[in-house]
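In: Pasted the sequence and its predicted model underneath.
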Amino acid sequence: MLQFGTGGWRAVIGDEFTRANVRLLTQALADQMHAEGVAERGLVIAYDRRFLSDVAAWWAVEVLAGNGIPVRIITRPVPTPMCMWTVKQQGTPYGMAITASHNPALYNGIKVFTEGGRDATVEVTDRIAARIADLTEDDVRALAPHEVRSSALVTRQRSINWYLDAILEQLDVETIRHAHLNIVLDPMFGVAQTAMQTVLVTARCELQVINARHDPLFGGRMPSPAAGSLEPLRHAVLESGADLGIATDGDADRLGIIDDEGAFLSPNQILVLLYEYLLTGKGWEGPVVRNLSTTHMLDRVAKAHGQECHEVPVGFKWISSKMAETGAIIGGESSGGLTVRGHIPGKDGIHAGSLLVEAVAASGKKLSELYADIVERYGELVMEEAAYGYTPERRETLQQQIFTQHDLPAFDREIDRISWEDGCKVYFADDTWVTIRFSGTEPVIRVFAEAASGEEAAALAQTVRAHYGLEAD
């Protein structure tokens with residue numbers, strides 16, 4: 001049975017990611033659309049630069065057209081957030097992006113979106129998964145390739161300009177133009193180059209691009225904009241004297257930043273900077289939403305401005321839902337995804353990176369100085385995170401020990417409260433905490449800890465690792 005995680009369905013190419021399974025998933029979604037009475041309103045499909053993404057997109061089109069469902073396919077590799085934006089702009093009830101996001105090159109997958117450009121909820125993906133379980137290949141209705149490419153049900157879209165114009169309309173382009181910023185872009189062999197380059201060049205930034213060629217192996221690295229993956233970007237920023245470096249993951253919904261001094265700014269720091277900028281630089285008012293493994297520095301910023309910080313489970317669907325409920329102006333997660341009110345209710349590394357450029361331009365300061373101002377105003381919190389692999393047998397043991405027996409380590413500080421809503425989160429005093437949960441996208445158990453210093457956070461994470469005998473992945 002195909003399993004959906006927090007970021008859609010992802011699987012190893014040739015193992016579970018096969019033509020047969022892509023067709024089964026698409027048939028299940030087609031059946032779902034007919035059951036809901038929304039099939040005639042159609043669906044948007046997009047894909048990234050991974051191996052088989054473009055081919056798999058047409059596998060899905062063949063099934064949808066075979067089920068009488070109108071399909072708009074974007075016929076070039078594009079950022080996943082553009083798919084979400086197009087779902088919103090076209091008013092379709094569903095969308096699909098063929099991508100495995102930041103997973104290793106051996107993976108591919110499918111993200112499903114619902115009306116308004118939202119990540120599909122657990123309820124939606126559970127219904128699709130249940131339908132898949134009842135299907136066989138004989139149940140799949142599809143047109144032949146030569147039929148589908150001439151079908152009136154299929155609309156091809158090549159342009160990405162509507163999406164880019166939507167981002168530019170939300171930026172203070174004039175302020176960026178007069179800042180004369182020098183920026184290095186690292187799309188990590190993914191799909192961000194055209195979109196990000198167009199936005200930044202339109203704003204008259206001096207731009208250098210690295211790692212832009214089409215490489216389905218992503219240069220032998222994970223296409224994830226984490227500190228360990230961005231040494232080439234750091235060197236390029238320092239060598240060129242750039243004001244900042246921007247990196248996006250394989251499908252451009254997450255980003256990582258290198259500042260003018262060559263330091264990696266974590267997604268947590270980017271979220272804090274942008275929330276502060278929206279409140280003080282743009283004069284917006286409203287709360288912020290973060291998941292349970294994201295920095296509590298956002299709580300401090302919100303409190304200082306008379307606002308509230310809302311905590312939700314891991315999975316961007318929870319963030320966008322809570323933002324809609326509360327009118328929050330920004331929401332995000334420590335893995336690098338964020339969104340801002342008025343754009344799409346999902347992660348967008350292109351929009352987030354552009355907004356950060358605006359924040360730097362409007363401040364008249366270096367990016368390193370901007371975050372130093374944050375620390376001076378709100379203090380410092382440092383996060384430690386680790387991922388540990390397991391065998392299926394070991395996973396069952398950990399599941400029982402942690403989440404059934406509630407066997408927790410003996411921490412060296414007083415526990416304020418414990419939440420079991422999504423994995424386990426232990427709250428201590430002074431915004432110190434630790435979380436333990438199984439990943440929804442990879443076969444690992446993740447441990448996050450945040451405290452006033454790196455040493456304290458590392459000690460908390462080590463206490464967890466030692467207690468459960470975890471081995472680094």
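Out: Structure's in. What do you need? This structure is a prediction, so every number in the text was calculated from the model and none was measured. Numbers count the residues shown, from 1 in each chain.
In: number of nearby residues for His406?
Out: By other C-beta atoms under 10 Å, 10 other residues sit near His406. Backbone N, C-alpha and C define where each C-beta goes, glycine included.
In: Can you classify it as helix, strand or coil?
Out: Recorded secondary structure, His406: coil (DSSP: H, G, I helix; E, B strand; the rest coil).
In: do you know how far it is from Glu396?
Out: 16 Å (C-beta to C-beta, to the nearest Å).
In: just Asp253 next, same as before
Out: Asp253 is 32 Å from Glu396, by C-beta to C-beta.
In: Quick check: end-to-end length of stretch 389-404?
Out: By C-alpha to C-alpha, to the nearest Å, the extent of stretch 389-404 from end to end equals 20 Å.
In: Quick check: buried residues in that stretch?
Out: By neighbour count on 16 or more other C-beta atoms under 10 Å, the buried set for stretch 389-404 is Tyr390, Arg394, Leu398, Ile402.
In: go on, stretch 179-186?
Out: Neighbour-count burial for stretch 179-186 [16+ other C-beta under 10 Å]: Ala179, Leu181, Asn182, Ile183, Val184, Leu185, Asp186.
In: my read is the fifth one is in a strand, agree?
Out: Yes. Under three-state DSSP, Val184 falls within a strand.
In: Show me which residues of stretch 416-425 are buried.
Out: By neighbour count on 16+ other C-beta under 10 Å, the buried set for stretch 416-425 is Asp422, Gly423, Cys424, Lys425.
In: Would you mind giving those as JSON lines with secondary structure and distance to Gly346 added?
Out: Conversion of the buried residues of stretch 416-425 to JSON lines gives the following (DSSP: H, G, I helix; E, B strand; the rest coil; distance: C-beta to C-beta, whole Å):
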{"residue": "Asp422", "secondary structure": "coil", "distance to Gly346": "19"}
{"residue": "Gly423", "secondary structure": "coil", "distance to Gly346": "22"}
{"residue": "Cys424", "secondary structure": "strand", "distance to Gly346": "27"}
{"residue": "Lys425", "secondary structure": "strand", "distance to Gly346": "24"}
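In: Need the max-distance pair from the residues you listed.
Out: The largest separation in these, counting by C-beta to C-beta, is between Asp422 and Cys424 at 8.7 Å.
In: hey, what's in contact with both of those two?
Out: Residues touching both Asp422 and Cys424 (C-beta atoms under 8 Å, 6 or more residues apart in numbering) are Arg437.
In: nearest to Pro223, of the buried residues of stretch 179-186?
Out: Nearest to Pro223, judged by C-beta to C-beta, of the buried residues of stretch 179-186 is Asp186 at 10.3 Å.
In: List the contacts of that closest one.
Out: So Asp186 contacts Val209, Ile210, Asn211, Pro225, Leu230, Pro232, Leu233, Ala236, Gly245, Ile246, Ala247, Thr248 (C-beta under 8 Å, 6+ apart).
In: ok, it to Gly219 distance?
Out: Distance, Asp186 to Gly219, by C-beta to C-beta: 10 Å.
In: okay, and the common contacts of the two?
Out: Jointly contacting Asp186 and Gly219 under the rule C-beta under 8 Å, 6+ apart are Asn211.
In: At the geometric centre of the protein, which residue sits there?
Out: Gly337 (4.0 Å; C-alpha atoms, centre = their mean).
In: what's the closest residue to that one other than its chain neighbours in contact with, if anything?
Out: The spatially closest residue to Gly337, leaving aside those adjacent along the chain, is Lys347, at 3.3 Å (C-beta to C-beta, 6 or more residues apart in numbering). By C-beta under 8 Å, 6+ apart, the contact list for Lys347 reads Thr80, Pro81, Asp253, Arg254, Phe316, Gly332, Gly336, Gly337, Leu338, Thr339.
In: was I right about the fourth one contacting Ser334?
Out: No. Contact criterion C-beta atoms under 8 Å: Arg254 and Ser334 do not qualify, at 10.6 Å.
In: So between those two, which is more surrounded?
Out: A direct count of neighbours by other C-beta under 10 Å for Arg254 and Ser334 places Arg254 higher, at 27 against 21.
In: element containing the closest residue in space to that one that isn't next to it in sequence, please.
Out: In space, Arg254 comes closest to Gly336 once its chain neighbours are excluded; the distance is 3.4 Å by C-beta to C-beta, 6+ apart. Gly336 belongs to no helix or strand when assigned by DSSP states H and E.
In: My read is that Gly336 contacts Pro225, right?
Out: Yes. Between Gly336 and Pro225 there is a contact under C-beta under 8 Å: 6.0 Å.
In: what's the overlap in contacts for those two?
Out: By the contact definition C-beta under 8 Å, 6+ apart, Gly336 and Pro225 are jointly contacted by His102, Asp249, Arg254, Leu255, Gly256, Gly349.
In: I'd like to know how many residues surround the second one.
Out: Burial of Asp249, expressed as a neighbour count using other C-beta under 10 Å, amounts to 33.
In: ditto for the last one
Out: Counted with other C-beta under 10 Å, the neighbours of Gly349 add up to 29.
In: Show the model's pLDDT score for it.
Out: Looking at Gly349, its pLDDT reads 96.
In: What of the fifth one?
Out: The model reports Gly256 with a pLDDT of 95.
In: Would you report the backbone torsion angles of the residue lying closest to it once chain neighbours are set aside?
Out: Nearest non-adjacent residue to Gly256, counting by C-beta to C-beta, 6+ apart: Pro225, 2.9 Å away. Per-residue torsions, Pro225: phi -80, psi 60 (degrees, to the nearest 10).
In: Pull the contacting residues for Pro225.
Out: His102, Asp186, Met188, Ala247, Thr248, Asp249, Arg254, Leu255, Gly256, Gly336, Gly349.
In: mind listing which of those residues are in helices?
Out: Counted as lying in helices by DSSP state H, out of the contacts of Pro225, are Gly349.
In: so how far is Leu356 from the nearest residue to Glu206 once chain neighbours are set aside?
Out: Among residues not flanking Glu206 along the chain, Asn182 sits closest, at 4.5 Å (C-beta to C-beta, 6+ apart). Applying C-beta to C-beta, the value for Asn182 to Leu356 is 15 Å.
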